[in-house]
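Asks: build me a structure from this.
(2 chains)
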Amino acid sequence: MQWETVIGLEVHVQLATRSKIFSGASTAFGAEPNSQACAVDLGMPGVLPVLNEAAVAMAVQFGLGIHAEIPEVSVFDRKNYFYPDLPKGYQTSQMYHPIVGPGEVEITLDDGSTKAIRVHHAHLEEDAGKSLHETFSDGMGQAMTGIDLNRAGTPLLEIVSEPDMRSAKEAAAYLKAIHSIVTYLGISDGNMAEGSMRCDVNVSVRPKDQAAFGTRAEIKNVNSFRFVERAIAFEVERQIELLEDGGEVVQETRLYDPERDETRSMRTKEQANDYRYFPCPDLLPVVLDQAYVDHLRDNLPELPADKRARFQEEMGLSAYDAGVLSASREMAEFFEQVNDVCGDAKQAANWVQGELSGALNREGLPIQSSPVSARQLGELVARIIDDTINGKAAKQVFQALWNGESDSADAVIEAKGLKQVTDTGAIEAMIDQVIADSPAQVAQYRDAEPDKRGKMIGYFVGQVMKASRGTANPQQVNGLLKERLDALC
Amino acid sequence: MHDKTLTELAAGLAAGEFSSRELTANLLARIDRLDGDLNSFITVTPEQALAAADAADAARARGEAGPLTGVPLALKDIFCTTGVKTSAGSKMLDNFVAPYDATVVEKLKAAGTVSLGKTNMDEFAMGSSNENSFYGAVKNPWDGAAVPGGSSGGSAAAVAAGLVPAAMGTDTGGSIRQPAAFCGITGLKPTYGRVSRYGIIAYASSLDQAGPMARTAADCAHLLGAIAGHDLRDSTSVARGVPDYTAELDAPLAGLKIGLPTEYFGDGLDPEVESAVREAIRVYESLGATVREVSLPHTHYAIPAYYVIAPAEASSNLARYDGVRFGHRCEAPTDLTDLYLRSRAEGFGEEVQRRILMGTHTLSEGFFDAYYKKAQQVRRLIRQDFLDAFDEVDVLMGPASPTPAFDLGAKKDPVSMYLQDIYTIAINLAGIPGISVPAGFAGGRPVGLQILGTHFAEARLLNVAHQFQQATDWHLRRPGIIEETA
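Replies: Okay, the predicted model is just below:
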């Protein structure tokens, strides 16, 4: 039977506010355990939450970024359950009236085509603390659990998609698109290794021609682009096998184990908590006036989808190039700066994706740490365009800049004497010398059939370029050589 | 000294008739002598009190005294106080010392008042008799066989017994007004949002409100001015200016329109309480007020709605007492579930457990719409009843409680206890202010007249109460305990 996979994602994005969503404690990552938890985060008796306006602004920016409805009123609810790293015994979240309504995220597939994935809503909530099960003992060999509440109260935006994805690749592309949007907006650092983006995946399968969804499993805490694909691949296979063997998929929550590359059951629907949601009486409904939303909309940066379109339409880049160069804000900004300096989008795109990306990948560097700055690369490309150097010399210039030998392309060209020779007289002199030094090759050329001569000219070009230490303009060398050799025939 | 009102004591301090230290020492000695029997305090803080009194005297000597500098008072043990135990009347918090002051406490300190200690209360403010305290019942100073009311029973008894001129209480369903009525003192529940809830241990967040309990309306006016105001730490506190609540106290009442809710004079009202209240109304008529009957048609839904909403919020508010970070923890838990179950079973008393169970049930899947949602709809109707009434009259009046103080141990079944709050609970649901003032006696026990106003009408309520106290002397009557030791 032909099976179709149906996937929906719940992505938790940690918002890059300086303080927590309901308290003034810092959200910085990596501090000593429990050094960034104040009385509010600890759920001490009598303390009250106060909403961080920055978290609201960031959530609204996200909503605007996916062209979502922004409801005028949103409400915080309490999600009640007991767990040691949940200090108040409830998580403050938004169950019934989320801050961001329905929207849409465009994903780009491998073939360059795009697909719209609907977002059901996005809501604000506070993170819980962390339980540390491994690192503690009571000194007598008895295992203990430590609790670090630094993360408790960190603002999260939970983005809930519709079940619109049909493959693991689409799910990964969606996650990448979300990552790209939130980092473009600057509302999250998007650092998945530090848990700034976490993902729960809902997966089901159904016969290809069936309209109704199959029973889904929710896979918890899938925390990298790669794991999303692998967890889905495993889960899809598990469900199909189960169904083909005549079994049934049960609705349950499963955990992905990246080490064993499998998903395992955590709890079934019957074991699920009743969270007893109700509106939090300590917080007022959030009422957004139109002027506030308009102000945020007017100040939104250009988002990836818009950039991609502009790169194609205004700069004439291919869909592929535009997609790669707009994938991250850093990449796009770098490319645009190179383009601004050199004035040739195609050349700029080639260099950023070619020489520069190759070097960065070899060294494992992100583009924002590139030793060659966008200005330097732009000037280098400009020198190719204005024929000051040829492509071969340009690579030497790039290497010198990469190594930090000099801080501008012009200085490298000057120091290494890489300026292209375009003086016809000088090139002709070198051609004469090469012809004089290569009687055998000249004889071969003369004796060859005219249609074979084209290939043979390469030898002479090489010799001339060598004589010029690579600085002669290759097109000129080619043209002049052909004239001279043909005159000898 | 202990027989004077807060206003008189403030004047005496200002005139140099006595120092704050003398006054404080005098009252601490009274507490020492009398409270062993009365049990109105959970914690007395003599050292801190004397130090604060000395600081107040020094400030006065420097010419830096405000109107309340050096005035002693007490705090219900629900207000968090830095360095002093805050128990909420519960075994669960018998070991809890907050690292912060409630905003109310901060403001009272800033005003120069001197706290003598923390008063007894029903556990987590759940009760109407103060019998639900881990620290034992409190006696009514008028009659040792009677309850002082609750949940702010310790505060009411301490004021009535002349141990302090004033005390802070909280009122979620009548917890200031009913004990004030039972103990023959004046108690004001402000509009919801008028006083910050920050640092007050939460019972039902959408209903809790702190307020003053003292001998007179004038005393309450001074104290309300000190504690009211917007607080950035409490989102539900209202950004609205704080007037001088003493400014309008003497305004004449001619033309005042009083409404008597029909529903507050029905079945179950003790005839002696009713006649005391009706007599008080006649006093108002003699002061130039006009009286008419009004209807609050949804009154009989108030208790059921309250006992859905308040326990629902409580079940969530009290989830933090899990034995993990603070408060009572059971001995040698075997696992996490055991830790939770035993810590909470041991730490919470019966009534608290009952309300947690009720609230957990009504919020559960399948019951939420039928209970919680419906109760919120009823709450809106009750609020509208009051707003409609205030379109026609300036204030509403009626009894604060259907009976005078009942005997200790008399109300065994929880529902009969809940019905005690029939005249006070709707006021919290509507968020409006209410004040109870002494208005006579029934069976030798005090009767409270309750006066209600629309949102933020505290100045008007205090004026109306003060004029009554200018015309009557019920608020000057003292229980025997005062004379015996005078």
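Asks: beta partners for the residue in the stretch 101-250 of chain A that chain B sits nearest to?
Replies: Nearest residue of the stretch 101-250 of chain A to chain B: residue A:147, at 7.5 Å (CB to the nearest CB). To be clear about C-beta, it is placed using only N, CA and C from the backbone, and glycine gets the same treatment. On the basis of DSSP bridges, residue A:147 is bridged to residue A:131.
Asks: correct me, but it touches residue A:131?
Replies: Yes: proximity of residue A:147 to residue A:131 meets the contact threshold set by CB atoms under 8 Å, at 5.8 Å.
Asks: ok, whatever residue of chain A ends up closest to chain B - contacts?
Replies: Residue nearest to chain B within chain A: residue A:89 (2.4 Å; CB to the nearest CB). By CB atoms under 8 Å, 6 or more residues apart in numbering or on different chains, the contact set of residue A:89 is A:43, A:80-82, B:316, B:318-320, B:322.
Asks: quick check: nearest residue in space to it, chain neighbours excluded?
Replies: residue B:319 (2.4 Å; CB to CB, 6 or more residues apart in numbering or on different chains).
Asks: could you measure from whatever residue of the stretch 1-150 of chain B ends up closest to chain A over to residue A:44?
Replies: Nearest to chain A, among the residues of the stretch 1-150 of chain B, is residue B:80, at 4.7 Å (CB to the nearest CB). Distance, residue B:80 to residue A:44, using CB to CB, to the nearest Å: 8 Å.
Asks: what's the mean pLDDT across the helix or strand harbouring residue A:484?
Replies: For residue A:484, the host element (DSSP states H and E) is helix A:474-488. On average, the pLDDT along helix A:474-488 is 86.
Asks: and for stretch A:331-341?
Replies: 96.
Asks: helix, strand or coil for the closest residue to chain A within chain B?
Replies: Here the residue of chain B nearest chain A is residue B:319; by CB to the nearest CB that distance is 2.4 Å. What DSSP: H, G, I helix; E, B strand; the rest coil gives for residue B:319 is helix.
Asks: residues near it, how many?
Replies: 23 (other CB atoms under 10 Å in any protein chain shown).
Asks: how does chain A divide into domains?
Replies: A:3-293, A:302-416, A:424-488 (automatic domain parsing).
Asks: pLDDT weak spots in the chain?
Replies: Answering for chain A, as no chain was given. Where chain A drops to pLDDT under 70, the residues are A:134-141.
Asks: wait, I meant chain B there
Replies: B:483-486.
Asks: can you name the farthest residue from the center of it?
Replies: Most distant from the centre of chain B: residue B:334, at 40.9 Å, with distances by CA atoms, centre = their mean.
Asks: just the element for that residue, please.
Replies: Here residue B:334 is assigned to no helix or strand, by DSSP H and E.
Asks: list the contacts of the strand or helix carrying residue B:55.
Replies: Following DSSP H and E, one finds residue B:55 within helix B:46-61. Applying CB under 8 Å, 6+ apart, the set of residues contacting helix B:46-61 from outside is B:13-14, B:19-21, B:23-25, B:28, B:65, B:69-70, B:72, B:83-84, B:109, B:112-117.
Asks: before we move on, the earlier item: can you pull the residues that touch both of residue B:80 and residue A:44?
Replies: By CB under 8 Å, 6+ apart, the residues touching both residue B:80 and residue A:44 are B:98, B:100.
Asks: okay, the two: which has more neighbours?
Replies: residue B:80 (28 against 21).
Asks: right, and that one touches residue B:197 too?
Replies: No: using CB under 8 Å as the test, residue B:80 is too far from residue B:197 to be in contact (11.0 Å).
Asks: any shared contact partners between the two?
Replies: Counting by CB under 8 Å, 6+ apart, the residues touching both residue B:80 and residue B:197 are residue A:46.
Asks: helices or strands up against the next helix-or-strand element following the helix holding residue B:55?
Replies: With elements assigned by DSSP H and E, the helix or strand that comes after helix B:46-61 is strand B:72-76. Here strand B:72-76 touches helix B:20-38, helix B:103-110, strand B:114-119, helix B:153-160, strand B:166-171, going by 3 or more CB pairs under 8 Å, 6 or more residues apart in numbering or on different chains; DSSP states H and E.
Asks: try 6 Å this time
Replies: Strand B:72-76 is packed against strand B:114-119, strand B:166-171, with contacts defined by 3 or more CB pairs under 6 Å, 6 or more residues apart in numbering or on different chains; DSSP states H and E.
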